[in-house]
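*Asks:* sequence plus the predicted model coming up.
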Amino acid sequence: MKIAWESPDWPGSRIDPGITCLTWMPQPDRPGHGMLGIGSESGAVGVTLTSIAPCDEDSQRYNFNLRGHHSTICMATWNKPQCKLASCDASGVIYVWVRNDDRWSVELVNDRGVKVRDLSWSPCGRSALICYEDNFVLVGSASGQRIWSHQFPAADHDVTCGVWAAESREIILGFATGSIQVMFCDGGNITERSLCNEPITKLACSTEINGKWTLAALTERKLIMISAYDQVVPHTYTGTLLIKKIEWNSDGTLLAAITELHQLLIFDREARLIHREEVPLSKDRPLSAFTWAHNGKTIVVAAGGHVVVGKRLDVVLEEENEAAVSGKVLMGVPSLFNLVTYAVWRELGASSRRVDRLPLPNREKESIKLLDHHIIRCRIPRSDDLCKFVCTVNDARSYCTIRPLTRGSHSYVLCMEHMGGLVPLLVGRQVNRFLPQFHVSLHHGTHTGSPGTGTPPTNRQQTTIGGSAQVEDMSVLPRTSTGRNSLWRRSKRQLRALMSRHVNAAVRAPRTDSRLVHVSSNVWCTRFQVTSLSPQHLPGFLAQIVYKTSVLHLQPRQMTVQLANMSLSSKPLSVTRRSSGLDNSSNASSNRNEKINEEELNIIELGENETEDDLAQLLTSSRISGENGDRDDGLTHEERLFFDRVLTECASLRAAMELAVPSTSGCLPSANTTTTSNAISAGSSNSTRAAMHSLSPAISPSLSHSEIGSLATSALSWQEEVDSMEYIDGADEEAALLNTESSERSRQQIREKGQAPVEQRDSSKRKSTEKAKDNEDIRTHLDKLSRIAAQLGQRQSNFNKNRDRDSIRKMRTQVKELLRRVNEIEKKVGGADVRGEVRDLVHTIEEMKRALGEGSRASRLPQNMLTLHNKAPIWNETNQVYQLDFGGRVTQESAKNFQIEVDSKQVLQFGRIEGGAYTLDFRAPFCAAQAFAVALASITQRLK
């Protein structure tokens, strides 16, 4: 017997978290194909398609991650006749899953509140056997009805396991005393006998061969087999290793077992060991699960989150044609051709990429290439093709999950769902918490060792650990611990750390920049722009997302996505555009006058089911050293640049205003104008210190620190706040009102032309007075803006990373107040009654607004841009909520859940699930990078 193992490093071989159980069944309508059921440590259940032979790529869905359990899955078993999957978690909750079209749904739920020791379906598929830890045994029908149950006394019988007989008429129970009890399926007792003096941990019954079956009973280190209940001398195998799990193949001829030392054992029907082989998996984690697949031709073994598949080379089919894929499997000796082909494939590095260089006939080359085929189907790219995969549009639908990178952080990982687990593809790191910005980059550890997956550490980790051990273990002689020795050891550690920082830093290879996408937002998180950071892989403009909400949130929010069409198809997509008035919402949102008070900020800033701790987390990798090389004030590099630019633009705006608007009575002294102008003209650097120096004269010495804070966080009443914002509701009425006002103004101008010259002189005086008033209003807003900017710079310099929750909240309020003041100044400057010299400052104001994330929309957009809208939800009158059919992929209600359709076909779906994670499903015209950026915008968007 010979097993040919697939490459253990293929893209879908590692997932996170670990695998706890495996089970397989064939697809009734597709010979040569099957479904692999997987239970994971996270509580997710996976159903992944398998194929024994290579097949063409299609758009079929290969994997289903089923969510419902809240603890580790300990058992999973197929009801093969009815194509149902039963899963049981560590708390004893049993789910029965059934497939409906292109989704799996829960058909039955069983929860007694007691942990389950064993679960199995009858071979006919009509009944199920459940053994609980409280010695309660239950037999129920596949439809959920109880057939019979029995409570065994704990003093005499401790039920450890159970199994159905081959003909589905009897059940066999194993006990901690080493005995078994055989009962009818209706509860009647048949017989009871003792097999050993050790507790029986597992029972497995083979299928019938010529009317005969074999029962295998597993203890801690023994394997016992009987072919009849009254067999006098059972067949016994006694080993030195702990056998963890056993399972018969489909025809009942071979029994496989896994041990604690990564060994695979194969037994015949008389408990004779016929094959022993070491599983090619990392020994960091023990073997956790295995199962036979494809009628005993292959075997799947898992150790934590690492999976490997073995193919039997000694399998001989009855007929040598494709129609005999499901034929009877015979055991024999592998041919020399198969052995040599496998050996050559292994020498080539478990890959046939270089087989064309070998001087071999075409038949032998094709045989070697067949060994590259993976039984488990997936679309996960190789590490070398990851960048191309995430930047390319694919017609096949991708099913992904977005989870937080670390607990409480605002950085997320896009993971592809596979075998009940996740494979990371992209990382979206929040680089600015005040003006939300993300950098999307490739996940460097996609196919490398990671904690909790049972994979070996990287070479760098191994080198560090080995070097440390060699330095510390200088001598094996015992030495007494004295103060002098302790000082010497501390000196060695300090010297070693110094050498690591300087010597290793010089030889360490620079890390490549894997950033792909930049996601930026305005202050109000209502408009997001997605641009490329890697021109060689993606175009400059990728997407623009605009949100528009309803007054009092009585209607679902509207979402407009302007997407760069990156589809490789020559035929353009026909996009249905709705006349909802959302195309101009970007300009409307950039010009509106937003005013938010301190209490409303606490509600809007925090997302649903999110805590303020999320806003206080920073990734260490996002921080950089300061001027002295050791600066770590809790702010990222992008946040420092943001504040430096804001303060510098504030100083420039004040200097420009002082030159354009002359000082009048009641204004600031002329010394302030001189000081500010000198500060701006003396240096053009973007440092915070220069900006603070230019803004400091604007602060009155008589104002206390608390008074300045009240000016910065002051806001208008909620009525004025509502009046200043634009909503979906009443757009037509507003346009009609503007037309009415403009026509009334035109009639008024016609009447004024006929007035007397005296009235014209009075009108000129009034205009002069209004000009002066407007100039004073501009100076008032400018003074307040300077005070806010000064306090913002002070908060930045005194930012405390240990208490940054409150600081972030207050600094966000000040940034929004700055934008409100700039909008007020812009309104005055653009008015008809202001001098022409002031209107020339529009460019300076635009620079200030651009620094605050409210710049004008990009002037150049790609011509092949698509305009997409989110699908309008349906109002449920019974539940009084808006609803969308997410196909079971979304488990929690949220205003952030949305769908996008093109030609009545869903192309993107996003929704919230448990644990602060989200699901993201997409296909063309979205690539993975674009879809992830749109999802990050929806996560960050705060208008509920």
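*Replies:* Now that the structure is in, tell me what you want to look at.
*Asks:* thought residue 874 was touching residue 884?
*Replies:* Yes: the pair residue 874 and residue 884 qualifies as a contact (C-beta atoms under 8 Å) at a distance of 7.2 Å. Yep, even glycine has a C-beta here, placed from its N, CA and C like the rest.
*Asks:* of those two, which one has the most company?
*Replies:* residue 884 (17 against 12; other C-beta atoms under 10 Å).
*Asks:* what about that one, distance to residue 872?
*Replies:* When C-beta to C-beta, to the nearest Å is applied, the distance between residue 884 and residue 872 equals 9 Å.
*Asks:* next: residue 923.
*Replies:* When residue 923 is compared with residue 872 (using C-beta to C-beta), they lie 21 Å apart.
*Asks:* please say which of the two ends up with more neighbours.
*Replies:* Relative neighbour count places residue 923 above the other of residue 923 and residue 872, with 20 against 14, counting by other C-beta under 10 Å.
*Asks:* the more buried one touches residue 400, doesn't it?
*Replies:* No: the pair residue 923 and residue 400 does not pass the contact test of C-beta under 8 Å, sitting 11.4 Å apart.
*Asks:* so, low pLDDT: which residues of the stretch 651-800 of the chain?
*Replies:* Applying pLDDT under 70 to the stretch 651-800 of the chain flags the ranges 657-772, 774-775, 777, 781, 785, 791-800.
*Asks:* typo on my end, the stretch 401-550 of the chain
*Replies:* Within the stretch 401-550 of the chain, the stretches with pLDDT under 70 are 407-408, 445-494, 496-512.
*Asks:* can you show me the strands along it?
*Replies:* Assignment of strands within the stretch 401-550 of the chain using DSSP state E, counting those that start in this stretch yields the ranges 412-418, 421-432, 437-442, 515-521, 527-532, 541-548.
*Asks:* for the fourth one, packing partners?
*Replies:* Using 3 or more C-beta pairs under 8 Å, 6 or more residues apart in numbering; DSSP states H and E as the contact definition, the elements that strand 515-521 packs against are strand 437-442, strand 527-532, helix 928-940.
*Asks:* so for residue 134, which of those sits nearest?
*Replies:* Within those, the stretch nearest residue 134 is helix 928-940; the backing value is 44.3 Å (C-beta to C-beta).
*Asks:* so for that closest one, mean pLDDT?
*Replies:* This predicted structure assigns helix 928-940 an average pLDDT of 93.
*Asks:* buried deepest among the helices and strands packed on strand 515-521, which one?
*Replies:* helix 928-940 (a mean of 26; mean count of other C-beta atoms under 10 Å).
*Asks:* next, the angle strand 515-521 makes with that helix.
*Replies:* Helix 928-940 and strand 515-521 meet at an angle of 30 degrees, taking axes from the mean of the first three to the mean of the last three C-alpha atoms, to 10 degrees as the criterion.
*Asks:* ok, which of the helices and strands packed on strand 515-521 comes nearest residue 247?
*Replies:* Residue 247 lies closest, by C-beta to C-beta, to one member of these: helix 928-940, at 37.5 Å.
*Asks:* other residues contacting the closest one?
*Replies:* Residues outside helix 928-940 that contact it (C-beta atoms under 8 Å, 6 or more residues apart in numbering) are 389-391, 398, 400, 402, 410, 412, 414, 425-426, 428, 436, 438, 440, 516-517, 519, 521, 525, 528, 530, 538, 542-543, 545, 559, 561, 563-564, 566, 607, 896, 898, 908, 910, 918, 920, 922, 926.
*Asks:* counting neighbours, what do you get for residue 182?
*Replies:* As a burial measure, residue 182 scores 16 neighbours (other C-beta under 10 Å).
*Asks:* just the element for residue 647, please.
*Replies:* When elements are assigned from DSSP states H and E, residue 647 belongs to helix 637-660.
*Asks:* now do the buried residues in that helix.
*Replies:* Along helix 637-660, the positions that meet the burial threshold by neighbour count (16 or more other C-beta atoms under 10 Å) are 638-640, 642-658, 660.
*Asks:* tell me the contacts of the closest residue to residue 227 other than its chain neighbours?
*Replies:* Distances taken as C-beta to C-beta, 6 or more residues apart in numbering place residue 214 nearest to residue 227, at 5.4 Å, with adjacent residues excluded. Contacts were defined as C-beta under 8 Å, 6+ apart; by that measure residue 214 touches 205, 206, 225, 226, 227, 252, 269.
*Asks:* just the ones of the residues you listed in strands?
*Replies:* Assignment to strands by DSSP state E places the following of those there: 205, 225, 226.
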